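Colleague: my questions are about this predicted structure, shown below with the sequence.
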Amino acid sequence: MDYRHFISADTQFYPLQDSFRLESGAILNGVQVAYRTWGRLNSTRDNAVLVCHALTGSADVDRWWELLLGSGRSLDPDLDFVVCSNILGSCYGTTGPTSINPETGVAYGTTFPAITIRDMVRLQAVLLEALGVRSLQLVVGGSLGGMQVLEWALLYPNRVQAIAVIGTSGRHSAWCIGLSEAQRQAIFADPNWQNGDYKPNQTPDRGLAIARMMAMSTYRSWASFSARFGRQMQTRETRQQFAIVDYLHHQGRKLVERFDANTYITLTHALDSHDVTRPGQTYETVLQSISQPTLVVSISSDILYPPAEQEELANLIPNAELRQLDSPHGHDAFLIETATINDLLIQFRNKLQLPVLTAIP
C-alpha cells in the first residue's frame, strides 16, 4: 500500500545529512522526518511547543487534537511555534518499515531495526535543531506521546521548560506488554504472513484488523461500551449481530486502510521497551531527577494505563501536579474529551507565567 495517500499536503520533510545511530548501535542511512508546524519561531527561538503523537497517530495535530490548536487555545499559533513530527518507525513519511532501505533498494519490512522511545526523541531533537529551535516552552503528549515527553525531560533537561503527560507511564507494565504480544501474534497468525514477512503482493490485513480490535477493547471501558452499545443488535449483510461486534470490525478495517502491519509490530515493541530507568540509577531516582514543572493527567476509567501509574509519576517527579480527567471513555478520553484537556493545559501554562491563554468559549 502507498501510505503517501494518508500524509497531509501540509507535511514537510527533513532529510538527515548524516547517518543516525540507534540506541542498539544499529545505523540508519538516508533518514527523513515528516513533520508539520503552526505559527512562527520567535527571534529568541524559545517559543516552540512540541506535540508528541500516539501509536497509530500522525503529525496532523489539527485532525486529532483540533480543539487544542488555535488562537486563544492551549496550542496557540499566535504565540507558539507548534511542531509535531511523525515518529521514527512511522508509515506516514518518517523513516520506518515501509521506507526504502538505501542499501537494498527495497522496503525494510521486517528488516527494520528495533527502535526505542529514546531513539524517537533523539530524532525529534535533530529535527528541532534543523528548524532553529533553541528551547521548548512545553512538550506535551498522551499515551506513547507521553512516554516521549518523559524522555525529552530526561535527555534534554536544558532545552525543555515544562512537560505535560497524559494517560501514560514511566515504564511499560506486564499488562501492556502482554496485550502487545497478543496483538502481534494475531498478525503473525494471518495466512498472508509467511516466514516472518508478507507473502508476495499480500499483506496480513486480517491479522492487523484483529490486533486493532483487541487494542480498541482496551482503549475504551466497560461503561463506555455499555452506554454506547449495550446489547443492541443490527443487521449487517442480511444477518444480525451485536452492535459492538460491528463496531470492532469497522475499527479493524479502518486501521488496515491506513496502517502497516510491520509498522505496528515495530512500534508495539518500542512501547514494550519503554522504561525511563538508566544504568546505575533506579526507576525512582530517574523520575526524581526531572526538574521541569510537570502536569500529569490521569483518566479515571483508563484500563490500559490506569490512574495508579500517573499517581506514581506525580509522586516521584518533584515539581509535578496531578489532575484527573473524569470520563467514562477509557484511555481514548485524551482524544475525546479534548475541551477538558485544553482547559487543563491552559491552566497549567498560565501557572508557568507564559503568555496568558484563555479557555475555549
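Modeller: Everything's here; your move.

Colleague: just the strands in this structure please.
Modeller: 12-15, 20-21, 27-28, 32-38, 48-52, 81-85, 136-142, 163-166, 193-194, 197-198, 233-236, 239-242, 294-299, 320-325 (DSSP state E).

Colleague: dump those strands into CSV; add mean neighbour count as well.
Modeller: From N, CA and C alone the C-beta is placed, and that goes for glycine too. Shown next, in CSV, are the strands of the chain (neighbours: other CB atoms under 10 Å):
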stretch, mean neighbour count
strand 12-15, 14
strand 20-21, 15
strand 27-28, 16
strand 32-38, 20
strand 48-52, 27
strand 81-85, 26
strand 136-142, 27
strand 163-166, 28
strand 193-194, 16
strand 197-198, 16
strand 233-236, 12
strand 239-242, 10
strand 294-299, 25
strand 320-325, 17
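
Colleague: where do the helices of the stretch 151-300 of the chain begin and end?
Modeller: 174-188, 205-219, 222-228, 243-258, 261-273, 283-288 (DSSP state H, counting those that start in this stretch).

Colleague: closest one to residue 87 among these?
Modeller: Nearest of those to residue 87, taken as CB to CB: helix 261-273 at 7.6 Å.

Colleague: which residues touch stretch 37-46?
Modeller: Here stretch 37-46 makes contact (CB atoms under 8 Å, 6 or more residues apart in numbering) with 12, 47-48, 61-62, 69, 75-83, 131-135, 137.

Colleague: report how many residues lie close to residue 257.
Modeller: 12 (other CB atoms under 10 Å).

Colleague: just residue 42 next, same as before
Modeller: With other CB under 10 Å as criterion, residue 42 counts 13.

Colleague: test my guess that residue 69 contacts residue 80.
Modeller: No - using CB atoms under 8 Å, residue 69 is not in contact with residue 80; the gap is 9.5 Å.

Colleague: coming back round to it: can you put the helices of the stretch 151-300 of the chain in TSV and add mean pLDDT and distance to residue 327?
Modeller: Output for the helices of the stretch 151-300 of the chain, formatted as TSV (pLDDT from 0 to 100; distance: least, CB to CB, whole Å):
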stretch	mean pLDDT	distance to residue 327
helix 174-188	97	20
helix 205-219	97	12
helix 222-228	96	8
helix 243-258	96	18
helix 261-273	97	22
helix 283-288	98	25
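
Colleague: relative to residue 104, which of those helices is closest?
Modeller: Comparing the helices of the stretch 151-300 of the chain by CB to CB, helix 261-273 comes nearest, at 14.9 Å.

Colleague: with adjacent residues omitted, what lies nearest to the most centrally placed residue in the chain?
Modeller: Closest to where the C-alpha atoms of the chain average out (CA atoms, centre = their mean) is residue 54, at 1.6 Å. Distances taken as CB to CB, 6 or more residues apart in numbering put residue 143 closest to residue 54, at 4.2 Å, once the chain neighbours are dropped.

Colleague: now for that neighbour: which residues touch it?
Modeller: If a contact means CB under 8 Å, 6+ apart, then residue 143 has 54-55, 166-168, 304-305, 331, 334 as its contacts.

Colleague: and with 6 Å instead?
Modeller: 54, 167-168 (CB atoms under 6 Å, 6 or more residues apart in numbering).

Colleague: report how many residues lie close to the spatially closest residue to residue 169 that is not a sequence neighbour.
Modeller: With sequence-adjacent residues excluded and distances taken as CB to CB, 6+ apart, residue 169 is closest to residue 309, at 4.1 Å. Here the number of neighbours of residue 309 (other CB under 10 Å) works out to 21.

Colleague: by mean pLDDT, flag the weakest helix or strand of the chain.
Modeller: When each helix and strand of the chain is scored by mean pLDDT, DSSP states H and E, strand 197-198 comes last, with a mean of 72.
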